[in-house]
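Enquirer: Next come a sequence and a model predicted from it.
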Amino acid sequence: MTLKRQSKAFIVAAISAGLLSACAGTGSQQDRNNTAIGAVSGAVIGALAGGQMDNDGNRDRGRIVGALVGAAAGAGIGKYMDNQEQAFRDELATERRNREIEVKRIKDDTIQLVLNNEVSFDYDSARIKPSFHSTLNKMSEVLSKYPETRITIVGHTDSTGSDSYNQNLSEKRASSVKSYIAQQGVNGYRVDTEGRGESQPRATNSTADGRSLNRRVEVFVVSTGT
């Protein structure tokens, strides 16, 4: 087998093995799976980049080196986000049980926090309830401990009221959360805000329970890859 074929076989085998190990197991193995997925993603990107960047014209060698470096970087990002997700789950355990906040891992490099508007804001208001401050304090503490992330805060409403009014309210609520966590020490340069109004419901607006679910603020925490 030629060196070129050997290098391609090595990369394919490494990536295939990583994907298989990432898909295996459930529950308590999820953290390790996320790290493995990060390593595989990094290996793919590294292999592609390495094939183009080898200075000696040896693309096969470049792909191998790139795959190894990319795998290490990807695994590091996955582990970093694993640790941050666990910190959110630990710090907000009581709030999660009380359904004040949800913690979700929606991608290997992205954590989503969903703030329940029924406990975070008064009706038709962008003022954060004082009783919700302790929850945001805990969230801010974790965000400050893991600075290698970008944060996007997105406000949502139900369909009650006009489109323009709901859009404005959703923007104000997102901005209120940003202002509060900035006061707790989270660098404002890391944080973007958006309002989606009533445009992205996650339940029906024809029932009170559905409208309650639609009134929410989502916080997306995304790795910067550094």
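Expert: Right, received. Where do you want to start?
Enquirer: List the buried residues in stretch 103-115.
Expert: Within stretch 103-115, the residues scored as buried using 16 or more other Cβ atoms under 10 Å are 103, 105, 108-115. All C-beta spots, glycine's among them, are computed from the backbone N, C-alpha and C.
Enquirer: swap in stretch 172-185?
Expert: Buried, per 16+ other Cβ under 10 Å, within stretch 172-185: 172-178, 180-181.
Enquirer: as a whole number, average confidence for that stretch?
Expert: Stretch 172-185 shows a mean pLDDT of 98.
Enquirer: what mean pLDDT does stretch 195-203 have?
Expert: 98.
Enquirer: from now on call the first residue 353
Expert: Will do, 353 is the new start, and the previous item becomes stretch 547-555.
Enquirer: now the buried residues of stretch 524-537 in TSV, with distance to Asn518 and secondary structure?
Expert: Output for those, formatted as TSV (distance: Cβ to Cβ, whole Å; DSSP: H, G, I helix; E, B strand; the rest coil):
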residue	distance to Asn518	secondary structure
Lys524	11	helix
Arg525	11	helix
Ala526	13	helix
Ser527	15	helix
Ser528	15	helix
Val529	17	helix
Lys530	19	helix
Tyr532	21	helix
Ile533	23	helix
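Enquirer: Just give me the closest of those to Ile429.
Expert: Within those, the smallest distance to Ile429 is 22.7 Å, found for Ile533 (Cβ to Cβ).
Enquirer: show me the contacts for the closest residue in space to that closest one that isn't next to it in sequence.
Expert: Once flanking residues are discounted, Ile533 sits nearest to Ser492: 4.5 Å by Cβ to Cβ, 6 or more residues apart in numbering. Ser492 sits next to 532-533, 536-538 when contact means Cβ atoms under 8 Å, 6 or more residues apart in numbering.
Enquirer: ranges for the helices of the chain?
Expert: According to DSSP state H, the chain carries its helices in the segments 355-375, 382-405, 411-443, 445-449, 469-472, 485-497, 515-535, 560-566.
Enquirer: elements contacting the fourth one?
Expert: By that I understand helix 445-449. strand 453-459 (3 or more Cβ pairs under 8 Å, 6 or more residues apart in numbering; DSSP states H and E).
Enquirer: For Leu521, give its distance to Tyr541.
Expert: 25 Å (Cβ to Cβ, to the nearest Å).
Enquirer: If you count surrounding residues, which of the two has more?
Expert: Looking at Leu521 and Tyr541 with other Cβ atoms under 10 Å, you find the greater number of neighbours at Leu521, namely 22 against 8.
Enquirer: show me what contacts that one?
Expert: 476, 478, 507, 509, 513, 547, 549.
Enquirer: who's Thr504 bridged to?
Expert: Asp544, Phe572 (DSSP bridges).
Enquirer: From what I see, it and Gly547 are in contact.
Expert: No. Under the criterion of Cβ atoms under 8 Å, Thr504 is not in contact with Gly547, lying 11.7 Å apart.
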